[in-house]
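Engineer: Pasting a predicted model and its sequence here:
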Amino acid sequence: MDSVGISRRSVLGGVAAAMAGSGCLATGKTTQPRASDWPQRGYDAGGTFYKDAGSPPVEDAEVAWAAVVDNSLYEAIDHRWHDDWRWNHYRDLTYQRHIGSLAYKYDRTPLVTVGERAHLSGLEDSIVDLTDGTKTERDDCEDRALVGAARTDTYRDGMLVGTGVSDGADCRGRCHVLQGFRPPTEDRAWCEGSKRWTAGAPQDLPATAVAGRIEDGTVVTVVPESEPPYRVVGIDADDGRIEWENTVSHGVHRLRVEDGVAYASVVGEDSGEMTILDDSSIRQRVEIEPTDLLEAVRDGVAYLRDFRTDEAPPSIKAVDAASGETRRLLDGSTVSQRIGGTPTGVGDLVVGPDRLFASVNTENGDEGAVLALDHSDGAIEWVRQFPGWLRLCGTDDALYVAGYPHTYALDPASGGRLWSVRLPPSPSFGPGVYRPVVADSKVLVPLERRLVALEEP
């Protein structure tokens, strides 16, 4: 393990000045994300896909570079349109302990940006220099997953959080466990950085889910077991120690975190449940429909969408964490009156401070829609339609809509088009487009085998 990894956040204030010259130790609080980091807003543990830092293109944009990447992980974790129901068992975080299920890991941003690097983790690890699109391929991280990056008080260079292979007695080398890594220098893969900790240190956990939510230096994840109750744990991103833990009585398909409160949901063929918990109590247990999928949490409200695109009209619900009350923000009949084509399901959600944005799929799949909704009553403020499947992320100044062959920037208040850019062709058999990512001055658009960067001319 590299230098000064054992310092705890609780004692940093008194020792920072004395140790400022040593290794990676920071001189003060450094837990805030940087403008280049993604996920953002406390590492977006709530899954809002809304970023309030950076300066991505607003008035105009052009293609800065396009890197060809041989990375099939996009297909495994980002097919949200039709496969949600089929793969729910494999995406259950309470059972994801063996390497065999890693190919179906779910519910994570398809790439992580830290500083001037984009890490694409999968069967191969692609490292793309954000300044010019230069790419390096590594194969050292096979059967591992990069979960995210944490800015901690202890390490100036931050912490990469990913999965390693556990050597626990019950695992026989076949279990995953979250680990903290020093961000690599030069062109090494993320897992080639020196390991700083294993979750549960100093008594390592035998296994964790191959996913986690990072908020302000804490990694929240699930400990797999053969039967309930299941442990939800908060891991200190400085040294891997367990800061807190609680239990849920059901499996966990989806996990969101906001302000130290975890939202854990599960759905089955006939029913679903969401538990809202903190480090010491169960705040709410909410019954949800078997077609409700937890998407995002912001300001104490959980947002769920209907995921049975072939069987149900679009549906978005909001669950208040304080009262447990559920209200419907969007239903299919309202959408049908506003768009051309029959709506079949809700895709991406972006949750901003004042508005909720959603993409809606149509029957033939050729003309998707983007909606802006009022948080309070679900009133539709504007609707825009574009060709193809539409993927979303947002900032204070623009809603970015990735389609194919064009990507658009819209005014969040009016839906007016700010700019559109034609994407270069993808070197693959299909024009798959995945959720755009805001990385400081660039918008990154992942295609099936290409990563495209858009910036101001």
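Structural biologist: Perfect, thanks for sending it. Residues are numbered from 1 along each chain as shown.

Engineer: what bridges to the nearest residue to residue 61 once chain neighbours are set aside?
Structural biologist: Of all residues not flanking residue 61 in the chain, residue 454 sits nearest, at 4.5 Å (Cβ to Cβ, 6 or more residues apart in numbering). In this view, the C-beta of every residue, glycine as well, is placed from N, C-alpha and C. Judged by DSSP bridges, the bridge partners of residue 454 are residue 63, residue 443.

Engineer: what sits against residue 301?
Structural biologist: Residues near residue 301 by Cβ atoms under 8 Å, 6 or more residues apart in numbering: 318, 319, 320, 321, 375.

Engineer: Filter these down to the buried ones and hand me the PyMOL line.
Structural biologist: To isolate the buried members of the contacts of residue 301 in PyMOL, using 16 or more other Cβ atoms under 10 Å:
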select buried, resi 318+319+321+375
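
Engineer: Let me have the contacts of residue 301 in a markdown table, extended by secondary structure and distance to residue 189.
Structural biologist: Shown next, in a markdown table, are those (DSSP: H, G, I helix; E, B strand; the rest coil; distance: Cβ to Cβ, whole Å):
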| residue | secondary structure | distance to residue 189 |
| --- | --- | --- |
| 318 | strand | 40 |
| 319 | strand | 39 |
| 320 | strand | 43 |
| 321 | coil | 38 |
| 375 | coil | 41 |
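
Engineer: Max pairwise distance over the contacts of residue 301: which two?
Structural biologist: Spatial extent of the contacts of residue 301 (Cβ to Cβ) is set by the pair 321 and 375 at 14.3 Å.

Engineer: Helix, strand or coil: sort out residue 370 for me.
Structural biologist: What DSSP: H, G, I helix; E, B strand; the rest coil gives for residue 370 is strand.

Engineer: Could you find the closest non-adjacent residue to it?
Structural biologist: Computed as Cβ to Cβ, 6+ apart, the closest residue to residue 370 that is not its neighbour in sequence is residue 384, at 4.9 Å.

Engineer: Please, which helix or strand holds that neighbour?
Structural biologist: Using DSSP states H and E, residue 384 falls within strand 380-387.

Engineer: give me the number of residues near the nearest residue to residue 160 once chain neighbours are set aside?
Structural biologist: Excluding the flanking residues, the one nearest residue 160 by Cβ to Cβ, 6+ apart is residue 181, at 4.4 Å. Residue 181: 21 surrounding residues under other Cβ atoms under 10 Å.

Engineer: confidence score at residue 181?
Structural biologist: Listed pLDDT for residue 181 reads 91.

Engineer: residue contacts, the closest residue to residue 237 other than its chain neighbours?
Structural biologist: Closest residue to residue 237 apart from its sequence neighbours, by Cβ to Cβ, 6+ apart: residue 150 at 3.8 Å. Neighbouring residues of residue 150 by Cβ under 8 Å, 6+ apart: 31, 43, 158, 159, 161, 180, 214, 217, 219, 237.

Engineer: out of these, who's nearest residue 370?
Structural biologist: residue 43 (25.3 Å).

Engineer: Now flag whichever of the contacts of residue 150 is closest to residue 389.
Structural biologist: residue 43 (26.3 Å).

Engineer: And that closest one, what's its pLDDT?
Structural biologist: Predicted confidence (pLDDT) for residue 43: 64.

Engineer: ok, residue 240 touching residue 205?
Structural biologist: No - Residue 240 lies out of contact with residue 205 (Cβ atoms under 8 Å); the separation is 9.0 Å.

Engineer: Between these two, tell me which one has more neighbours.
Structural biologist: For residue 240 and residue 205, the more surrounded residue by other Cβ under 10 Å is residue 240, and the numbers stand at 25 against 22.

Engineer: Quick check: which element contains the nearest residue to the more buried one once chain neighbours are set aside?
Structural biologist: Excluding its sequence neighbours, the residue lying closest to residue 240 (Cβ to Cβ, 6+ apart) is residue 197, at 3.0 Å. Here residue 197 sits within strand 195-198, counting by DSSP H and E.

Engineer: Give me the helices and strands touching that strand, please.
Structural biologist: strand 159-166, strand 175-181 (3 or more Cβ pairs under 8 Å, 6 or more residues apart in numbering; DSSP states H and E).

Engineer: Mind putting these into TSV with distance to residue 226?
Structural biologist: Converted to TSV, these look like this (distance: least, Cβ to Cβ, whole Å):
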stretch	distance to residue 226
strand 159-166	16
strand 175-181	13
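
Engineer: Let me know which of those is the nearest to residue 391.
Structural biologist: The closest of those to residue 391 is strand 159-166. By Cβ to Cβ, the value is 24.1 Å.

Engineer: What is the distance between stretch 397-411 and the centre of its chain?
Structural biologist: Relative to the centre of its chain, stretch 397-411 is centred 19 Å away, using Cα atoms, centre = their mean, to the nearest Å.

Engineer: again with stretch 382-397
Structural biologist: Worked out by Cα atoms, centre = their mean, stretch 382-397 lies 18 Å from the chain centre.

Engineer: Give the buried residues for stretch 225-238.
Structural biologist: Those would be 230, 231, 232, 233, 234, 235, 236, 237, 238, for stretch 225-238 by 16+ other Cβ under 10 Å.

Engineer: ok so, going back, could you check the distance from the residue nearest to residue 240 over to residue 432?
Structural biologist: Distance of residue 197 to residue 432, computed by Cβ to Cβ, to the nearest Å: 36 Å.

Engineer: more crowded one of these two?
Structural biologist: Shown here are residue 197 and residue 432; by other Cβ under 10 Å, residue 197 has more neighbours (24 against 18).

Engineer: returning to what we had before: of the contacts of residue 150, just say which sits nearest to residue 362.
Structural biologist: Nearest to residue 362 among the contacts of residue 150, with distances taken as Cβ to Cβ, is residue 43, at 33.2 Å.

Engineer: what residues does the helix or strand hosting residue 420 touch?
Structural biologist: In this structure, residue 420 sits in strand 417-422 according to DSSP H and E. Contacts with strand 417-422, where a contact means Cβ under 8 Å, 6+ apart, come from 57-63, 384, 398, 405-411, 454.

Engineer: could you redo the last one with a cut-off of 6 Å?
Structural biologist: For strand 417-422, contacts defined as Cβ atoms under 6 Å, 6 or more residues apart in numbering pick out 60, 61, 398, 405, 406, 407, 408, 409, 411, 454.

Engineer: nearest to residue 114, of those?
Structural biologist: Taking Cβ to Cβ as the measure, residue 114 lies nearest residue 454 of the contacts of strand 417-422, at 19.6 Å.

Engineer: That closest one: what's it in contact with?
Structural biologist: 61, 421, 443.

Engineer: ditto for residue 248
Structural biologist: Per Cβ under 6 Å, 6+ apart, neighbours of residue 248: 230, 264, 275.

Engineer: Of those residues, which belong to strands?
Structural biologist: Using DSSP state E, the subset of these located in strands is 230, 264, 275.

Engineer: sorry, back to before: enumerate every residue touching the residue nearest to residue 160.
Structural biologist: Taking Cβ under 6 Å, 6+ apart, we find residue 181 in contact with 160, 193, 195.
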